[in-house]
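Undergrad: kindly generate the corresponding structure for this input.
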Amino acid sequence: MKTTLDLPDELMTAVKIRAARENRKMKDIIADALRRELGMDETPVRHSVRDIQPISAGQVIEQQESEDRLGDMLNARGHRY
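TA: Residues are numbered from 1 along each chain as shown. Here you go, the predicted model:
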């Protein structure tokens with residue numbers, strides 16, 4: 001449903017920043033916030049590729065190796081970039 005809201009500038013700025021950081025649409029950020037506030041939080045949180053961290057078993061992972069591993073993980077899940 002489409003609607004028009006008059007929201008404070010600082011609130012919209014915060015929404016825009018979060019949407020950019022999470023690579024999501026502003027409408028999704030607002031809808032998720034409303035669902036949480038209304039106790040309807042059944043939607044799983046969508047994470048960005050930026051949230052994936054390399055896993056290490058106590059050893060230092062070189063940057064290139066980390067990027068290669070990230071690419072392999074995304075390809076295994078069917079993501080194309």
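
Undergrad: where do the helices of the chain begin and end?
TA: 9-22, 26-37, 63-76 (DSSP state H).

Undergrad: any weak-confidence spans in the chain?
TA: 41-45, 47, 53-67, 77-81 (pLDDT under 70).

Undergrad: distance-wise, check Lys2 relative to Ile52.
TA: 34 Å (Cβ to Cβ, to the nearest Å). In short, each C-beta sits where N, CA and C put it, glycine included.

Undergrad: of these two, give the one with the bigger neighbour count.
TA: Ile52 (12 against 4; other Cβ atoms under 10 Å).

Undergrad: so the more buried one touches Gly71, yeah?
TA: No: between Ile52 and Gly71 there is no contact under Cβ atoms under 8 Å: 10.7 Å.

Undergrad: picking that back up, closest one to Ser48 among the helices of the chain?
TA: helix 9-22 (5.3 Å; Cβ to Cβ).

Undergrad: run through who's touching the closest one.
TA: Arg24, Lys25, Met26, Asp28, Ile29, Ile30, Arg46, His47, Ser48 (Cβ atoms under 8 Å, 6 or more residues apart in numbering).

Undergrad: of those residues, which is the nearest to Ala76?
TA: Among the contacts of helix 9-22, and counting by Cβ to Cβ, the member closest to Ala76 is His47, at 16.2 Å.

Undergrad: just checking, Arg46 touches Lys25?
TA: No: with contact defined as Cβ under 8 Å, Arg46 does not reach Lys25; the gap is 10.2 Å.

Undergrad: send me stretch 9-19 as CSV with only the CA atoms.
TA: The C-alpha trace of stretch 9-19 is given here as CSV (Å, rounded to 0.1, in the frame of the first residue of the first chain):
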residue,chain,number,x,y,z
ASP,A,9,14.3,15.4,9.0
GLU,A,10,16.6,13.7,11.5
LEU,A,11,14.6,10.5,11.4
MET,A,12,14.7,10.4,7.6
THR,A,13,18.4,11.0,7.6
ALA,A,14,18.9,8.1,9.9
VAL,A,15,16.7,5.9,7.7
LYS,A,16,18.7,6.9,4.6
ILE,A,17,22.0,6.2,6.3
ARG,A,18,20.9,2.8,7.5
ALA,A,19,19.5,1.9,4.1
